[in-house]
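Undergrad: Everything below, folded, please.
(chains A and B)
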Amino acid sequence: MKHTFSKRSLFYGGLCLAVLAIMAYSMSFLPSYTEMDTPVHRNVAERYMTQAESETGSPNMVTAVLADYRSLDTMIETTVIFTAGVVTYAMIAIRRRKNYIWGGDEDHETEA
Amino acid sequence: MKQKHSSIILEVAYRLLIPVLIVFGVYVLIHGEYSPGGGFQAGVILALAVILNRVLEPADVKKNYWTYKTIALAGMGPVIYMMTGLLSIPFGGHFLEYGLLPLPVHEVERHLYGILFIEVGVTLGVMATIISIFDSLGKVGDPDERGNLL
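TA: I've put the predicted structure just below:
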């Protein structure tokens, strides 16, 4: 069976590739791994290691950083996981029902 | 003793593994501030217990299509997290500032309870998301009487 892509899926695929290219380009501005003069090594690491237990009460430094100092980040992470579940559900259920997201010009089986 | 499964391996796994997994998941959640672990790991362990149950008893998987309720439960996780964050704002704190939560304990201990609350939210979100993904995948090609899969 010959497989063809619709214009719509080509557009979204190209959009994903473009975003990926932008991200790869912006990664070249990051400091290299062995550089010891970057802000991440100079500012907060020392404080996390020495003050985490007295400030948060948690002897586990990883939990202290994850859930206390960087808790806004963890909140968005939880939302990302929730989004993954919703998107899986939407793709499987809605696609089989009406061919609604993926356009009508592809050869999916619509009858269930 | 009534044997529910055809294989002794499944029987032992069902009777032994699933209670241990649930207890260990709750332990990882509660004890996450002191030892390795936390919300994400506890959610995965608890979801594994439920998924093992569904794998070992396929009849129940067909019967209970929980996906709506499971996704609602997964949404409760971030909601609990954000409510914990918003709770400190009326008492003069910033968003997610645990030191000003309205709890009658010392300020450092409030941090511990705040971390525990948000870990409960993370656990709920991760657990219900994994279960809903498993249920969604199990629904492929198995429609209801009206022909749709919702």
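
Undergrad: burial count for residue B:70?
TA: Residue B:70 has 24 neighbours, counted by other Cβ atoms under 10 Å in any protein chain shown. C-beta: built from backbone N, CA, C; applies to glycine.

Undergrad: Apologies, that question was intended for residue B:137.
TA: When neighbours are defined as other Cβ under 10 Å, residue B:137 has 11 of them.

Undergrad: Skip the chain neighbours and tell me the closest residue to it.
TA: What sits nearest to residue B:137 in space, not counting adjacent residues and going by Cβ to Cβ, 6 or more residues apart in numbering or on different chains, is residue A:92, at 7.0 Å.

Undergrad: now for the helix or strand harbouring that neighbour, which elements pack on it?
TA: In this structure, residue A:92 sits in helix A:71-98 according to DSSP states H and E. When contacts are defined as 3 or more Cβ pairs under 8 Å, 6 or more residues apart in numbering or on different chains; DSSP states H and E, helix A:71-98 sits against helix B:67-87, helix B:107-138.

Undergrad: for those, which one ends up most surrounded?
TA: Each of the helices and strands packed on helix A:71-98 was scored by mean neighbour count; the highest is helix B:107-138, a mean of 23, by mean count of other Cβ atoms under 10 Å in any protein chain shown.

Undergrad: pLDDT of that one, averaged?
TA: Taken as a whole, helix B:107-138 carries a mean pLDDT of 89.

Undergrad: Distance from the chain centre to that helix, please.
TA: Remark: helix B:107-138 is offset 6 Å from the chain centroid, using Cα atoms, centre = their mean, to the nearest Å.

Undergrad: Without its sequence neighbours, what residue ends up closest to residue B:82?
TA: Leaving out its chain neighbours, the residue that sits closest to residue B:82 by Cβ to Cβ, 6+ apart is residue A:75, at 6.7 Å.

Undergrad: wait, residue A:79
TA: Closest residue to residue A:79 apart from its sequence neighbours, by Cβ to Cβ, 6+ apart: residue B:78 at 5.0 Å.

Undergrad: Show the contacting residues for that neighbour.
TA: Contact analysis of residue B:78 by Cβ atoms under 8 Å, 6 or more residues apart in numbering or on different chains lists A:75, A:78, A:79, A:82, B:121, B:125.

Undergrad: and what of residue B:40?
TA: Neighbouring residues of residue B:40 by Cβ under 8 Å, 6+ apart: B:122, B:123, B:126.

Undergrad: Residue A:79 and residue A:70: what is the separation?
TA: Distance of residue A:79 to residue A:70, given as Cβ to Cβ, to the nearest Å: 15 Å.

Undergrad: Actually, residue B:26.
TA: Per Cβ to Cβ, residue B:26 is found 25 Å from residue A:70.

Undergrad: just for chain B, where's the confidence low?
TA: Within chain B, the stretches with pLDDT under 70 are B:1-6, B:58-67, B:139-150.

Undergrad: chain center to the lowest-mean-pLDDT helix or strand in chain A: distance?
TA: In chain A, the helix or strand scored least confidently by mean pLDDT, DSSP states H and E is helix A:39, which has a mean of 77. Its chain's C-alpha centre and that of helix A:39 lie 24 Å apart, by Cα atoms, centre = their mean.

Undergrad: Mind giving me the packing neighbours of it?
TA: Using 3+ Cβ pairs under 8 Å, 6+ apart, no helix or strand is in contact with helix A:39.

Undergrad: What parts of chain A come near chain B?
TA: Contact residues (Cβ under 8 Å from any Cβ of the partner chain) of chain A with chain B: A:54-60, A:62-63, A:66-68, A:71-72, A:74-75, A:78-79, A:81-82, A:84-86, A:88-89, A:92-93, A:96-97, A:111-112.

Undergrad: Return the residues in contact with residue A:31.
TA: Applying Cβ under 8 Å, 6+ apart to residue A:31 gives the contacts residue A:38.

Undergrad: where's it, which helix or strand?
TA: Judged by DSSP H and E, residue A:31 forms part of no helix or strand.

Undergrad: Now it: phi and psi?
TA: The phi and psi torsions at residue A:31 (degrees, to the nearest 10) take the values phi -70, psi 150.
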